[in-house]
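Novice: test case, fold it:
(one chain, ligands or ions: 2)
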Amino acid sequence: RDDIVILGIETSCDDTAAAVVRSDGKILSQVVSSQADLLEQFGGVSPKDAKEQHSKVIDQVVQRALDEANLTEVDLSAVAVTIGPGLSLCLRVGVQKARRIAGKFNLPIVGVHHMEAHALVARVAEKELQFPFLTLLISGGHNLLVLARNLGHYVQLGTTIDDAIGEAYDKTARLLGLDMRRGGPALEELAREGNAKSVKLKVPMKHHKDCNFSYAGLKTQVRLAIESSNIDKDTPISSTSCEDRSIRADIAASFQRVAVLHLEERCERAIAWAAEIEPSIKFLVVSGGVASNQYVRTRLDHVVKRNGLQLVCPPPSLCTDNGVMIAWTGIEHFRQGRYDPPPPADEPEDAV
Ligand code: KG4
Ligand code: ZN
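Specialist: Numbering: from 1, shown residues only. Ligands and ions are numbered 1, 2, ... in the order given. The predicted structure follows:
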């Protein structure tokens with residue numbers, strides 16, 4: 001069916017997002033409300049604060065998504081919503097909203113796995129992308145290498161044994177005094193000014209011949225490097241001297257080089273492993289917030305080309321958390337008949 005239209009709602013982390021997508025891949029609207037300002041102001045957001053923020057904006061985010069798509073609820077085929085993984089308090093805000101709409105307008109509901117959505121949204125950007133494909137999902141909370149054999153059929157080749165790469169970017173950005181509203185991107189920018197070989201850092205898990213990841217040790221190495229450097233740690237980067245800035249840039253570049261080398265090594269091995277299971281594999285999909293990093297994209301493109309594959313990276317707005325990926329994954333499942341019936345119109349709010 002080519003005429004499916006789905007509203008996707010995402011509240012698993014600290015962005016409240018909604019979008020309307022059609023089954024031919026057309027994005028009819030996309031709205032994201034970010035909590036980054038709160039993060040900067042308070043140095044972090046508790047699950048309770050995050051939940052309150054979601055509750056405050058969810059109605060207007062969804063309404064804007066419908067308005068920008070020039071639709072009302074009756075034009076929808078179904079509502080898709082993230083059901084995990086994520087903070088349960090936050091997830092519930094999205095699920096309650098989805099059930100409210102679905103109950104009122106008699107629409108089916110598709111529950112979506114956040115990480116599956118990060119992977120499948122690549123099929124919106126790249127129409128040639130068919131199963132099976134290999135995917136590297138890199139975000140603030142996850143670091144996964146997955147062989148996607150078919151819709152709903154995933155083989156995990158590797159995961160992190162401690163932190164995810166996005167978390168390491170964020171921690172390093174904080175230690176370097178960067179703007180925490182955009183820790184990852186700010187570090188990427190600063191790294192462009194630095195010498196990536198100036199600070200000696202070890203690539204994690206060199207002796208583990210598997211596809212798992214570890215970023216906790218690298219975080220510690222960077223912290224020690226910063227502590228033993230001459231930078232003025234209490235000053236934000238915007239107000240430091242040229243010399244201080246260039247030391248920070250060197251640390252940023254060195255961190256980024258090693259963090260990404262770890263990805264490169266694991267991908268290289270996963271490509272060989274995946275080819276044993278699925279010899280017809282042609283694509284590596286890289287998605288999740290960190291996949292919007294240009295250095296990451298360029299380095300992984302080399303790995304992929306060396307191995308005769310093709311790299312697919314969704315555009316940055318579809319790599320970081322968004323509603324499009326939820327709506328699109330909803331479409332993929334809905335097409336296969338995988339959805340729940342509409343909830344009762346008078347379902348009490350606290351039923352979920
Ligand atoms: O997928 P995402 O939006 O949310 C989660 O599901 O975690 O990923 C957010 C993560 C954050 O750690 C953020 O710093 C990182 O992605 N990130 C980046 C870049 N843009 C976002 N990391 C490095 N370079 C970037 N350009
Ligand atoms: Zn995410």
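
Novice: so residue 33 is in contact with residue 62, correct?
Specialist: No - between residue 33 and residue 62 there is no contact under Cβ atoms under 8 Å: 10.5 Å. (Glycine included, C-beta is placed from N, CA and C.)

Novice: more neighbours, the two?
Specialist: residue 62 (26 against 17; other Cβ atoms under 10 Å).

Novice: now that one: which helix or strand?
Specialist: Using DSSP states H and E, the element containing residue 62 is helix 47-68.

Novice: buried set for that helix?
Specialist: Under the neighbour-count criterion of 16 or more other Cβ atoms under 10 Å, helix 47-68 has 49-55, 57-58, 61-62, 64-66 buried.

Novice: closest to ligand 2 among those residues?
Specialist: Using Cβ to the ion, residue 50 comes nearest to ligand 2 of the buried residues of helix 47-68, at 14.0 Å.

Novice: just the pLDDT for the closest one.
Specialist: With respect to pLDDT, residue 50 scores 92.

Novice: what about it, distance to ligand 1?
Specialist: 13 Å (Cβ to the nearest ligand atom, to the nearest Å).

Novice: ok, residue 191 next?
Specialist: Plainly put, residue 191 is 9 Å away from ligand 1 if you go by Cβ to the nearest ligand atom.

Novice: and that residue, what pLDDT?
Specialist: 98.

Novice: show me what the helix holding residue 62 is packed up against.
Specialist: Judged by 3 or more Cβ pairs under 8 Å, 6 or more residues apart in numbering; DSSP states H and E, helix 47-68 is in contact with strand 5-10, strand 15-22, strand 27-34, helix 36-42, helix 88-105.

Novice: all strands for the stretch 151-300 of the chain, in order.
Specialist: For the stretch 151-300 of the chain, applying DSSP state E, counting those that start in this stretch gives strands covering 153-158, 283-287.

Novice: want to try TSV for these, with mean pLDDT, distance to residue 230 and mean neighbour count as columns?
Specialist: Shown next, in TSV, are those (pLDDT from 0 to 100; distance: least, Cβ to Cβ, whole Å; neighbours: other Cβ atoms under 10 Å):
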stretch	mean pLDDT	distance to residue 230	mean neighbour count
strand 153-158	98	38	16
strand 283-287	98	36	26
